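Chemist: coords please:
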Amino acid sequence: MENQITPNGSEAPTNFSALNCIDISNPDIHHSVSLLKQACLDCGFFYVVNHGLSQEFMDEVFAQSKRLFDLPLSEKMKLLRNHKNRGYTPVLDEILDIENQVHVGDYKEGYYIGVEVAEDDPEAEKPFYGPNVWPKQDQLPGWRETMERFHREALEVARAVARIIALALCLDENFFDKPEMLGEPIATLRLLHYEGQTSDPSKGLFGAGAHSDFGLITLLATDDIVGLQICKDKDAKPQVWEYVAPLKGAFIVNLGDMLERWSNCIFKSTLHRVLGNGQDRYSIAYFVDPSYECLVECLPTCKSEKDPPKFPPILYGTYLSQRYKDTQADLNVYKKHQTQQILLE
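Modeler: Predicted structure coming up:
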């Protein structure tokens, strides 16, 4: 099949990966477990549909996301991410593929929103816990309410998916609902805007460099612009990359590195990246992680005498802190910009 031409003149991709589609509302749980297990053993990516978030609401979340990114850069920089990893991240802030992104970072801007914890709450003393950074109400009316609602509802979807994962790993259905896991998780919503950049892997230019996600699972909602690619075998030479087609109304779900570690590498966390084709692209990622104090050690159903644990136990907070440190720009690089803004005001 010949490649088609997109509105901006670039070739439209035709090499799409076939992913399983899991209907959360399906009462036949055994069918859902079978589909999910097959997906987790194959590529670690699958679609989730009939998840309970209406299309009307999802359209509103995307519209509010665009309103934020349409603000002048000077206004967005006032909302710059803090040491709790909440707030705005500028273009090039993140380098996910250090080996191949030699000179620059990702050509995307983002906005982090976590579980809201009051500043005077003892929990706010820990990394990844605390108040969010919110735009002013008169600047973006209804923005905070929309994002807080999405955060709540997406977490319920994640918990439903985690129950199917538990069954696929021969665990109790509610295994991941424990307080130290998804009962009180580190759940982070990240709005993303890929500017109209054309990626060139040969020059190390990516919308998002090749990486695997850090945590348990990620829910991803996208617009209709193609860009996400997955590599099922990261050790293949050369690597083979396949596009993931946007599916309206669905979440694209992928497994994170921590679930691969938890499952003793039975389930795979898959390498993925985003290529820009010159069009603006918006997506909404929802990263689901266990609590800061969760001790992650090999699941009881994933080890045996012949297959002992491949990794030592680790506190999740220690692990996550290091992963963020390895991929994000030091906040000190923005101090000069912030000082100039204060002088201009």
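Chemist: Check the average confidence over stretch 322-331, would you?
Modeler: The average of the pLDDT scores along stretch 322-331 is 64.
Chemist: hang on, I meant stretch 75-87
Modeler: In this model, stretch 75-87 has a mean pLDDT of 91.
Chemist: And for stretch 20-31?
Modeler: Rounded to a whole number, the mean pLDDT of stretch 20-31 is 96.
Chemist: hey, C-alpha coordinates of that stretch in CSV?
Modeler: Included here for stretch 20-31 are C-alpha records, laid out as CSV according to Å, rounded to 0.1, in the frame of the first residue of the first chain:
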residue,chain,number,x,y,z
ASN,A,20,-6.3,-5.7,21.5
CYS,A,21,-9.4,-3.8,22.6
ILE,A,22,-10.8,-4.3,26.1
ASP,A,23,-14.4,-3.3,26.9
ILE,A,24,-14.4,-2.3,30.6
SER,A,25,-18.2,-2.7,30.6
ASN,A,26,-18.1,-6.3,29.4
PRO,A,27,-19.6,-8.6,32.1
ASP,A,28,-17.5,-11.5,30.7
ILE,A,29,-14.4,-10.9,32.9
HIS,A,30,-12.7,-14.0,31.6
HIS,A,31,-12.7,-12.7,28.1
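Chemist: Low-confidence stretches in this protein?
Modeler: Residues of the chain that meet the criterion pLDDT under 70 lie in 1-14, 101-103, 326-345.
Chemist: the longest helix in it is where?
Modeler: helix 143-168 (DSSP state H).
Chemist: Run the chain-centre distance for that one.
Modeler: Between the mean C-alpha point of helix 143-168 and the mean C-alpha point of its chain there is a distance of 13 Å (CA atoms, centre = their mean, to the nearest Å).
Chemist: Can you show me the strands along the stretch 201-345 of the chain?
Modeler: Taking DSSP state E, counting those that start in this stretch as the criterion, the stretch 201-345 of the chain contains strands spanning 208-211, 217-222, 228-231, 242-243, 251-255, 271-274, 281-289, 295-296, 314-315.
Chemist: and of these, who's closest to Ala118?
Modeler: strand 281-289 (20.7 Å; CB to CB). Every C-beta, even on glycine, is put in place using the N, C-alpha and C of the backbone.
Chemist: Next, the angle from the closest one to strand 217-222.
Modeler: Orientation of strand 281-289 against strand 217-222 (axes from the mean of the first three to the mean of the last three CA atoms, to 10 degrees) gives an angle of 170 degrees.
Chemist: Export strand 281-289 to CSV, keeping only CA atoms.
Modeler: Listed next in CSV are the C-alpha coordinates belonging to strand 281-289 (Å, rounded to 0.1, in the frame of the first residue of the first chain):
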residue,chain,number,x,y,z
ARG,A,281,-0.9,17.3,18.3
TYR,A,282,-2.6,17.1,21.7
SER,A,283,-2.7,14.2,24.1
ILE,A,284,-3.6,13.5,27.7
ALA,A,285,-1.5,11.1,29.7
TYR,A,286,-2.5,9.7,33.1
PHE,A,287,0.4,8.0,34.9
VAL,A,288,-0.7,5.6,37.7
ASP,A,289,1.9,4.7,40.3
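Chemist: Can you give the strand pairings for that strand, parallel or anti for each?
Modeler: Partners of strand 281-289 in the sheet, by DSSP bridges, are strand 186-194 (antiparallel), strand 217-222 (antiparallel).
Chemist: and of those strands, who's closest to Ala39?
Modeler: For the strands paired with strand 281-289, proximity to Ala39 was assessed by CB to CB; strand 217-222 is nearest, at 11.7 Å.
Chemist: And for the closest one, what's in contact with it?
Modeler: Residues external to strand 217-222 that are found in contact with it (CB atoms under 8 Å, 6 or more residues apart in numbering): 48, 58, 61-62, 154, 157-158, 161-162, 165, 228, 246, 250-256, 259, 281-288.
Chemist: Is it correct that Pro201 is in contact with Asn100?
Modeler: Yes. Judged on CB atoms under 8 Å, Pro201 makes contact with Asn100 at a distance of 7.2 Å.
Chemist: can you give me the angle the longest helix of the chain makes with strand 186-194?
Modeler: Between helix 143-168 and strand 186-194, the angle comes out at 120 degrees (the same axes, to 10 degrees).
Chemist: Quick one: work out the angle between helix 143-168 and strand 251-255.
Modeler: Using the same axes, to 10 degrees: helix 143-168 against strand 251-255 is 50 degrees.
Chemist: Just the buried residues of helix 143-168, please?
Modeler: Of the residues in helix 143-168, those buried by neighbour count under the rule 16 or more other CB atoms under 10 Å are 143-144, 146-147, 150-151, 153-155, 157-168.
Chemist: One more: stretch 202-212?
Modeler: Neighbour-count burial for stretch 202-212, with 16+ other CB under 10 Å as criterion, is recorded at Leu205, Phe206, Gly207, Ala208, Gly209, Ala210, His211, Ser212.
Chemist: now swap in stretch 66-74 and tell me
Modeler: Of the residues in stretch 66-74, those with enough neighbours to count as buried (16+ other CB under 10 Å) are Arg67, Leu68, Phe69, Leu71.
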